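J.: sequence and predicted structure are below.
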Amino acid sequence: MINEKMRALGASPSKIRDLFEYGNRRKAEIGAENVFDFSIGNPSVPPPAKVEETIRELLAGTDAVALHGYTSAQGDRGVRQSICDYVNKTHGTSLTPDHFYMTCGAAASLTITLRALCEDGDEFLTFAPFFPEYRVFVESVGGSFGTVDCDTTDFQPDVADLERKLTAHTKGILINSPNNPTGAVITEEKLQAIADVLRKKSEEFGHSIVLIADEPYRELVYGDVEVPYPMNYYDDTIVCYSFSKSLSLPGERIGYIAVSDRMTDEKDVYFAVCGAGRSLGYVCAPSMMQRVVAACQGMTSDVSIYKTNRDLLSEALTEYGFRVVSPDGAFYLFMETPGGDAVDFSEKAKEFELLLVPSDSFGVTGYVRISYCVDTDMIRRSLPAFKKLAEKYGVS
Ligand code: PLP
């Protein structure tokens, strides 16, 4: 009567959601101020003021029928023009609005892109650790999912391992920089090396391997770290972008897909994107939000708050004796778990009301992910609990 795969997916929520729900129950029991919830990646900084201003202006000054009506399936042309102008100006690309397809956030960008590319027997690879939904998205379109190692000192992609793992069945690889869960930003040198290997292997296998760049955290970087634009390194690139994190709009569901103008059969790839969006029933991305993000190009929420949180946490945890990977971007800290068993460590952390996500569902063992998109004050209050946890494990 039902699709068993879908039932299983719905009946087993992600480990992150599981912990988040546990946190909500615990907050009801002992008070929200006593639970240190580092489980979920929900931005804790409000959107820039321009977001609300634009919404007010649109509501006051636009014909309501047009504002709330359907747009073109690929997104309003004026909106795509604004985004296209901004991307070209920022990254030196030569894209046109017809390389852009507006979506309901990065999750939709990814599922549409994968559906547009995947045929029976196709494989998609990503670097581990990875965002757990990648597996769900790839398998849902009938693809097989595989992983490639990262260097565990800095979580940069292991390009030699990529070269080993690429096969004639590999349709695409998924990269995510800045990364969830490690915060690592792929360096220009590594991106160049990935592109070189993809070109070599595409030639060897006689078909192009697509680089899918999942970029919801592009603007969330600290210091003078640069995030190289993948299309400038490899022609067969599709960028899956979202405004969920950069403008703190995750509940509004807005993002886009950008297909490189230098991609093999670029027009057909774009048609396949439109077809995949249609077959998944997206119809169009939220109409008012398309206009809002078009007016906010180049703006971000106040990233300095995340930097304060990152510095506060990584300095304290290092002082207590934990080993953390110093993140250049996103809002996650990846911390090695003493003793190696991340699930056990996460359970022990709960005894101190610390909610930390074990790394197993990200495809590696021995770490926890700490989401620091939280109130800075909560981090300060949580530090004694982290200290006690360090003492329990004898690392301090
Ligand atoms: N990709 C990564 C790496 C993410 O961390 C997330 C959300 O946390 C998504 C995609 C989905 O983002 P969106 O809310 O824009 O669908």
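T.: That came in fine, so what should we check first? Please read these numbers as outputs of a predicted model, since none were measured by experiment.
J.: which phi and psi does residue 329 have?
T.: Note on residue 329: its backbone torsions stand at phi -160, psi -170 [degrees, to the nearest 10].
J.: cool, and the one 5 residues further on?
T.: Here is the backbone geometry of residue 334 (degrees, to the nearest 10): phi -110, psi 120.
J.: burial count for residue 45?
T.: 18 (other Cβ atoms under 10 Å). C-beta coordinates here come from the backbone N, C-alpha and C atoms, glycine included.
J.: OK, contacts around it?
T.: Contact analysis of residue 45 by Cβ atoms under 8 Å, 6 or more residues apart in numbering lists 248, 301-303, 305-306, 373.
J.: ok, residues contacting the worst-scoring helix or strand of the chain on mean pLDDT?
T.: Using mean pLDDT, DSSP states H and E, the weakest-scoring helix or strand in the chain turns out to be strand 324-325, at a mean of 87. In this structure, residues lying in contact with strand 324-325 by Cβ under 8 Å, 6+ apart are 154-155, 182-184, 313-314, 317-318, 333-336.
J.: mind checking which of those land in helices?
T.: 313-314, 317-318 (DSSP state H).
J.: which among those residues gets closest to the ligand?
T.: Nearest to the ligand out of the ones in helices among the contacts of strand 324-325 is residue 313 (Cβ to the nearest ligand atom; 18.5 Å).
J.: quick revisit: right, and the pair among the contacts of residue 45 with maximum separation?
T.: Distance extremes for the contacts of residue 45: the farthest pair is 302 and 373 at 11.8 Å, using Cβ to Cβ.
J.: so which residues of the stretch 101-250 of the chain form strands?
T.: 123-127, 144-148, 170-176, 210-214, 237-242 (DSSP state E, counting those that start in this stretch).
J.: near the ligand, which residues of the chain are found?
T.: 41, 105-107, 131, 176, 180, 214, 216, 242, 244, 250, 255 (Cβ under 6 Å from any ligand atom).
J.: 5 Å - rerun?
T.: 41, 105-107, 131, 176, 180, 214, 216, 242, 244, 250 (Cβ under 5 Å from any ligand atom).
J.: give me the buried entries from those residues.
T.: 41, 105-107, 131, 176, 180, 214, 216, 242, 244, 250 (16 or more other Cβ atoms under 10 Å).
J.: could you identify the most distant pair in these?
T.: Among these, 176 and 250 lie farthest apart (Cβ to Cβ), at 16.2 Å.
J.: test my guess that residue 159 contacts residue 191.
T.: No - using Cβ atoms under 8 Å, residue 159 is not in contact with residue 191; the gap is 9.7 Å.
J.: so the two - more neighbours on which side?
T.: residue 191 (24 against 20).
J.: just checking, the more buried one touches residue 227?
T.: No - judged on Cβ under 8 Å, residue 191 makes no contact with residue 227 at a distance of 9.5 Å.
J.: quick revisit: ok, so of the residues of the chain next to the ligand, who is nearest residue 275?
T.: Nearest member of the residues of the chain next to the ligand to residue 275, counting by Cβ to Cβ, is residue 107, at 18.6 Å.
J.: tally of neighbours for the closest residue in space to the closest one that isn't next to it in sequence?
T.: Leaving aside its chain neighbours, residue 107 sits nearest to residue 133 (6.7 Å; criterion: Cβ to Cβ, 6 or more residues apart in numbering). Neighbourhood size, residue 133 [other Cβ under 10 Å]: 18.
J.: same check, this time on residue 87
T.: That count, for residue 87 with other Cβ under 10 Å as the rule, works out to 21.
J.: just the buried residues from the contacts of strand 324-325, in PyMOL please.
T.: Burial among those is assessed by 16+ other Cβ under 10 Å; the matching PyMOL selection reads:
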select buried, resi 155+182+183+184+313+314+317+333+334+335+336
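J.: in this structure, which residue is most central in space?
T.: Residue closest to the average C-alpha location in the chain (Cα atoms, centre = their mean): residue 216, at 4.8 Å.
J.: list the contacts for it?
T.: With Cβ under 8 Å, 6+ apart, residue 216 has these contacts: 105-106, 241-242, 244-246, 255.
J.: which among those gets closest to residue 390?
T.: For the contacts of residue 216, the nearest to residue 390 is residue 245 (29.7 Å; Cβ to Cβ).
J.: that closest one reaches residue 220, doesn't it?
T.: Yes - using Cβ under 8 Å, residue 245 is in contact with residue 220, at 6.0 Å.
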